[in-house]
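Engineer: pasting the sequence and the predicted coordinates here, then a few questions.
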Amino acid sequence: MNTRRSSCLCVTATIIVTAMPCFAQMSENKEKALVDAENPIATRISVPFQSNTYFSSGPLEKTGNVVIIQPIVPIKLTRDWNLITRWVTRVVYVPPVSPDRGSAFGLGNLQPEFYFSPAHTGKVIWGVGPKLYLPTATRDRLGINRMGGGLAAAALAINGPWIVGIIAHNVWAGSGKERVDQMTLSPFVDFNVKHGWYLVSSPVITSNWAATSSHRWTVPLGGGIGRLFKIDKQPVNARIQGLHNAARPEFGPSWQLQVQVQFLFSKHSNEAHDVRSR
């Protein structure tokens, strides 16, 4: 019940904030800020808070929730290379699975990502680097506490109002029954319209290679709407989207509601390349 109330509050607050006309209008640099907000490896510091509510989850078809906090911090390494860090932190609520086995709530596995990205790029912006899997889960049902890691890559292209890209990574940790071998593909398509509004489709496709083939894939389909605006002088990017799981493992959620609020800050370095903010 608390999870449902929190999700409803997040949705209501997002709709109210994006619709209120009393906020200051975006500056002449709104297009740059909007691209930086939608670019997962931008050279601008930002802090996204993303709430994912999963419906009809588990054998009792209850509601679960995962809040993802992933501050993005760019570091200028040399004149030609940047390091984009994404510290992915999950706060997880797992619903009851039986009358004798109740819910679980706590911190999941911290999974920081590090992207080495050229400071000067062409039409395609890209980054590649390591991803870590840290044993930080506070409950057994919230993650597998084994040290591990893998590879991560991101790429995107900008063509007029369109921004199209993908984040891909695979992590390995542990062995035997306590083994993590999971691939994640996060394609995204954004179409920017007027006054900071945009349409978005950003599903997160996962494949659990440690599971049997019939319980391996989760493939969501859907999309939503977002807006970049300002509260006083603070740029804020908010979006909401609904996704139906066209493929899912047994007892996986049937669909999900995603609400994200992202705070953007000044660029880490004035010398960072300008291609990403066009």
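Structural biologist: Perfect, I can see it now.
Engineer: quick check: most distant residue from the centroid of the protein.
Structural biologist: Computed with Cα atoms, centre = their mean, the residue of the chain farthest from its C-alpha average is Asp100, at 33.1 Å.
Engineer: from Leu60, how far off is that residue?
Structural biologist: Asp100 sits at a distance of 12 Å from Leu60 (criterion: Cβ to Cβ, to the nearest Å). To be clear about C-beta, it is placed using only N, CA and C from the backbone, and glycine gets the same treatment.
Engineer: and for Trp87?
Structural biologist: Distance from Trp87 to Leu60, by Cβ to Cβ: 33 Å.
Engineer: the two: who's more crowded?
Structural biologist: It is Trp87, of Trp87 and Leu60, that has more neighbours when counted by other Cβ atoms under 10 Å, with 16 against 13.
Engineer: that one bridge partners, please.
Structural biologist: Trp87 forms beta bridges with Pro112, as assigned by DSSP bridges.
Engineer: then Leu156?
Structural biologist: Beta-bridge partners of Leu156, counted by DSSP bridges, are Ile125, Gly165.
Engineer: need the contact list for it.
Structural biologist: If a contact means Cβ atoms under 8 Å, 6 or more residues apart in numbering, then Leu156 has Asn39, Pro40, Ile41, Val124, Ile125, Trp126, Ile163, Val164, Gly165, Ile166, Phe188 as its contacts.
Engineer: contacts only, for the nearest residue to the last one once chain neighbours are set aside.
Structural biologist: Taking Cβ to Cβ, 6 or more residues apart in numbering, and ignoring the residues beside it in sequence, Phe188 has Ser202 as its nearest neighbour in space, at 4.1 Å. With Cβ under 8 Å, 6+ apart as the criterion, the residues that contact Ser202 are Ser186, Pro187, Phe188, Val189, Gly223, Gln241, Gln258.
Engineer: from the residues you listed, keep the buried residues only.
Structural biologist: Neighbour counting with 16 or more other Cβ atoms under 10 Å marks Ser186, Phe188, Gly223, Gln241, Gln258 as buried within those.
Engineer: any idea how far the second one lies from Gly165?
Structural biologist: Right, the one you point to is Phe188. Note on Phe188: its distance to Gly165, by Cβ to Cβ, is 6 Å.
Engineer: likewise for the last one?
Structural biologist: Applying Cβ to Cβ, the value for Gln258 to Gly165 is 17 Å.
Engineer: just the first one next, same as before
Structural biologist: In this view, Ser186 and Gly165 are 9 Å apart by Cβ to Cβ.
Engineer: which ones are touching the nearest residue to Val124 once chain neighbours are set aside?
Structural biologist: Closest residue in space to Val124, ignoring its immediate chain neighbours: Ala157 at 5.2 Å, by Cβ to Cβ, 6+ apart. Residues counted as contacts of Ala157 (Cβ under 8 Å, 6+ apart) are Lys123, Val124, Ile125, Ile163, Val164, Gly165.
Engineer: ok, back up a step: can the contacts of Leu156 go into CSV with extra columns for distance to Asn109?
Structural biologist: Written out in CSV, the entries for these read as follows (distance: Cβ to Cβ, whole Å):
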residue, distance to Asn109
Asn39, 25
Pro40, 20
Ile41, 22
Val124, 31
Ile125, 28
Trp126, 26
Ile163, 29
Val164, 29
Gly165, 25
Ile166, 22
Phe188, 23
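Engineer: would you format those residues as JSON lines with pLDDT and distance to Arg79 included?
Structural biologist: As requested, those are arranged in JSON lines below (pLDDT from 0 to 100; distance: Cβ to Cβ, whole Å):
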{"residue": "Asn39", "pLDDT": "89", "distance to Arg79": "21"}
{"residue": "Pro40", "pLDDT": "88", "distance to Arg79": "23"}
{"residue": "Ile41", "pLDDT": "90", "distance to Arg79": "18"}
{"residue": "Val124", "pLDDT": "92", "distance to Arg79": "20"}
{"residue": "Ile125", "pLDDT": "94", "distance to Arg79": "17"}
{"residue": "Trp126", "pLDDT": "95", "distance to Arg79": "18"}
{"residue": "Ile163", "pLDDT": "94", "distance to Arg79": "26"}
{"residue": "Val164", "pLDDT": "96", "distance to Arg79": "28"}
{"residue": "Gly165", "pLDDT": "96", "distance to Arg79": "25"}
{"residue": "Ile166", "pLDDT": "97", "distance to Arg79": "28"}
{"residue": "Phe188", "pLDDT": "96", "distance to Arg79": "29"}
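Engineer: many thanks, we can stop here.
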